[in-house]
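**Q** Fold the following for me, if possible:
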Amino acid sequence: MPYSPPSTVDVEAAQPCLVHSKQHTAKNRSLLATGPPRLRGGPSDAFLSCVICVLLKYLIGVALSALIIGIVAAVLPVVFLIRLCLLLKTTIQGKKCMWRWRNSTCHIWYPLEHPENPESLAVFIFHSTIDLIDLCTHLSEAYQKRGMEKFFQMHNHITELARQRIITLDESQTKIETFDDLHHFLNRDSPPVTTDQLPSQLTLIPNFAANQRNGSHSLCVLRHIVTEEEPFCLLRLFTAFSRPPTSRDKSTFDVDPKFTVPLERRVLFTWYLSQKIAQFIKCVFVGPLSLLFLLLRRRSPIWKYLSPEADRSTSIRRNRDSRHSDDNQMLMASPSTFPSERAFFWGQMPLHDELQRSERVLRSPSIILYLALIAGTLRKHFREQGVRHPPDISCSFPYALRERATVDHSNPCDCVLLPIYLPTGVEGCIPRIWATQRRMSNAVNGCLPMTLKAARTLMGVTFTPRMAQRIFSSFYKSCGVLVTVVKAKGEPHVQSTRLQSALLFPSLPPNVNIAFTFVHCGTETMLSISTNRACFPQPERIFQLFEEEVHNLVDQLSLRLMTFAQATVLPPMRMSPCLFTYQGGMSPSPVISEARLSVLESEAVEEGDEMMRSLECLLQEVQEELDELSSEAVEGDRAHYIDKLKDLEKRMGVFHERLRERIECSIPGSCKIGFDATRASDTIASLLETYRQPSPSVTGRRFSREFVRTDSLPRKFSRT
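**A** Below is the predicted model:
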């Protein structure tokens, strides 16, 4: 049919259809641009209520701040006038002034301490023996160092003062040679040794066998209380009398966490100043309201449940319907007697290297990891005591307010205790770490640290030290757990003897039931546990639960913590001959002669040795070929390169399959490990997959997945 152009009549007839199609296309385009219809509109009522609550909080905070500032402005002139009169009076009479203002407080756990027994305890273990006379010389020199001499200006005989405070343990009465003896010595019922006239005492135990293979060690037990005349903590006193091997080295400690500035002040001074102004405004507006919330915070009811009175009532109530005799019920309801109020236990942190790798994998510092592990430990303990769904409990930890300064003899440990809720009500190890990260970020980045420091300074100016400490401790009446993380920088020495490990036990007030102290020194971390015997009569059980929690975390991160060497090397195995199954229809005799047993053992040992030799040879060949592939440059055709990788993977897969069949044949019953062997093969395949991936540069060097993951991290996380 020949083509004919459209006429005017046809165009006019099709005009409505074209207009309709254009409108439909425009409508579809508008729908595509706007997206699907929303079920909810713009700003909802929930958003509006959140804004109103925030504004109301700031308004209440401003009103409360104005009230407090008015009271302080009215009271401070009167206080300064009274202090001036007292200062003139004491100066004329030649007496000591009662009120002494200090710029910073050198007390890690201020204001938490027991009113009747305020002494803190520290145990320092050294690699070799220490002489008593040299230790007295070191202590007398420590009292004359910069930053410490102002506290001992009134003493004329510094050497005699040092001799009074250092004693040697009388081995005729108490002999301490092992950790069991030390545990019994620290947990015995004894009155406080230190007083206001004698704030510190150092007990030297020269021949302490910490390790039988390395010979005898020296052990120093330091008891110290913070007084008005000597206002410094245990760590500062130890750094004073320690003597490094060279003059350039310094014995210092770091309290984790500490105040940090994300950017350098000299580079972005304007940003730093604006951040300080914003923190000050937030502290003024919301700070007093935060302190009011701390005062109104109630103590967790779980501590009342774990008290001795609650234990007696609940034990009778649980066994009311059970068939127990009257004597048995009286035995369960009888109160227990303990030699002292506090119980001490300590131990070395398990899986130290794996925990450091976990910090890099989870992007969390050590304090967050320790808080999450403690939350899991207490959750298990509460569930053992019958609390199936334990609530979150309040905890406090020292927060260093100094950015770069460390604790030494010239710098005090200017810290405040920050309260935080431990996620003991959260199920799962990794979710507890996430919950701790969120709560730690809110506590550290908020206005509470500056508010607590300002409140402590105002109370120190207004009241006497004892009264200010008593009032300031009311902010922590709901805290039942105390966690401290201390890291020794460098290698602290005393008399050219290196410090091996340290233990710290703070003085616990009645409201704090358990304290965890982590001291990182050298290549090991020691965990010290101080408990209230009424709630935690067995601190060793708490340490066992903590070890289980650490192993649980490492097991969950095992594949991500595995290095290439660990993925390709299997531990040596020695199978017992009794586990081998007998082939054939006859069942083995229940009695096996000793000669036959020795023959079976020798055959098993020979086969095991042959298997281990073949394993070592195979792994050595694979490692050499992988090193050769990593070092050479790949140019042009990569077929030979890929074929060699496939051959290596095939050889490793065959070896794992043979090893799996051998072990499954040797284990009776349904104890199969096919899944583990398959997982090992998959791990090796995933590790070798990196070598197959094409690199951006042809001549670039290839690395394993372990090094790729380490190099991709920020610099602060990539350091081992």
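**Q** which residues of the stretch 1-150 of the chain score low on pLDDT?
**A** Low-confidence segments of the stretch 1-150 of the chain, defined by pLDDT under 70: 1-45, 94-104.
**Q** all strands for it, in order.
**A** Along the stretch 1-150 of the chain, the stretches classed as strands by DSSP state E, counting those that start in this stretch are 120-126.
**Q** cool, the chain as well?
**A** Here the chain has its strands, by DSSP state E, at 120-126, 166-168, 200-211, 215-224, 252-256, 342-348, 393-400, 415-422, 481-489, 493-494, 497-505, 514-521, 524-532.
**Q** Provide a list of residues in contact with residue 628.
**A** Taking Cβ atoms under 8 Å, 6 or more residues apart in numbering, we find residue 628 in contact with no residue. All C-beta spots, glycine's among them, are computed from the backbone N, C-alpha and C.
**Q** how much space between it and residue 647?
**A** The gap separating residue 628 from residue 647 is 13 Å, by Cβ to Cβ, to the nearest Å.
**Q** any idea of the mean pLDDT for stretch 622-638?
**A** What stretch 622-638 shows for mean pLDDT is 66.
**Q** Can you say which of the strands of the chain is nearest to residue 46?
**A** Within the strands of the chain, the stretch nearest residue 46 is strand 415-422; the backing value is 24.3 Å (Cβ to Cβ).
**Q** And the pLDDT at residue 650?
**A** pLDDT, residue 650: 77.
**Q** How about residue 618: what's its closest non-neighbour residue?
**A** residue 655 (6.0 Å; Cβ to Cβ, 6 or more residues apart in numbering).
**Q** Return the per-residue confidence for that neighbour.
**A** pLDDT, residue 655: 71.
**Q** next one: residue 531
**A** pLDDT at residue 531 comes out at 93.
**Q** For it, which residues are in contact?
**A** Contact analysis of residue 531 by Cβ under 8 Å, 6+ apart lists 342-343, 345, 513-515, 537, 539, 542.
**Q** now it: how far from residue 345?
**A** 8 Å.
**Q** what touches both of these two?
**A** The contact lists of residue 531 and residue 345 share 539, 542, where a contact means Cβ under 8 Å, 6+ apart.
**Q** Emit the PyMOL select command for whichever of the contacts of residue 531 are buried.
**A** The PyMOL selection below is limited to those of the contacts of residue 531 classed as buried (16 or more other Cβ atoms under 10 Å):
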select buried, resi 342+343+345+513+514+515+539+542
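**Q** which of the contacts of residue 531 sit farthest apart?
**A** The largest separation in the contacts of residue 531, counting by Cβ to Cβ, is between 515 and 537 at 15.5 Å.
**Q** pLDDT score for residue 544?
**A** Residue 544 carries a pLDDT value of 94.
**Q** Residue 416 too?
**A** Looking at residue 416, its pLDDT is 91.
**Q** For it, which non-adjacent residue is spatially closest?
**A** In space, residue 416 is closest to residue 452, 4.5 Å off (Cβ to Cβ, 6+ apart).
**Q** What separation is there between that neighbour and residue 422?
**A** Remark: distance between residue 452 and residue 422 (Cβ to Cβ) = 19 Å.
**Q** Pick out whichever of the two has more residues nearby.
**A** The residue with more neighbours, out of residue 452 and residue 422, is residue 422; 27 against 23, by other Cβ atoms under 10 Å.
**Q** and the nearest residue to the more buried one once chain neighbours are set aside, what does it touch?
**A** Leaving aside its chain neighbours, residue 422 sits nearest to residue 375 (4.2 Å; criterion: Cβ to Cβ, 6+ apart). Residue 375 sits next to 422-424, 426, 432, 436 when contact means Cβ under 8 Å, 6+ apart.
**Q** Output the below-cut-off pLDDT ranges for the stretch 301-450 of the chain.
**A** For the stretch 301-450 of the chain, the stretches with pLDDT under 70 are 308-340, 403-405.
**Q** Please repeat the previous calculation with a cut-off of 50.
**A** Within the stretch 301-450 of the chain, the stretches with pLDDT under 50 are 310-339.
**Q** All the helices of it, residue numbers only.
**A** For the stretch 301-450 of the chain, applying DSSP state H, counting those that start in this stretch gives helices covering 301-305, 308-318, 326-333, 352-362, 366-384, 429-444, 448-462.
**Q** Neighbours of residue 184, how many?
**A** Residue 184: 12 surrounding residues under other Cβ under 10 Å.
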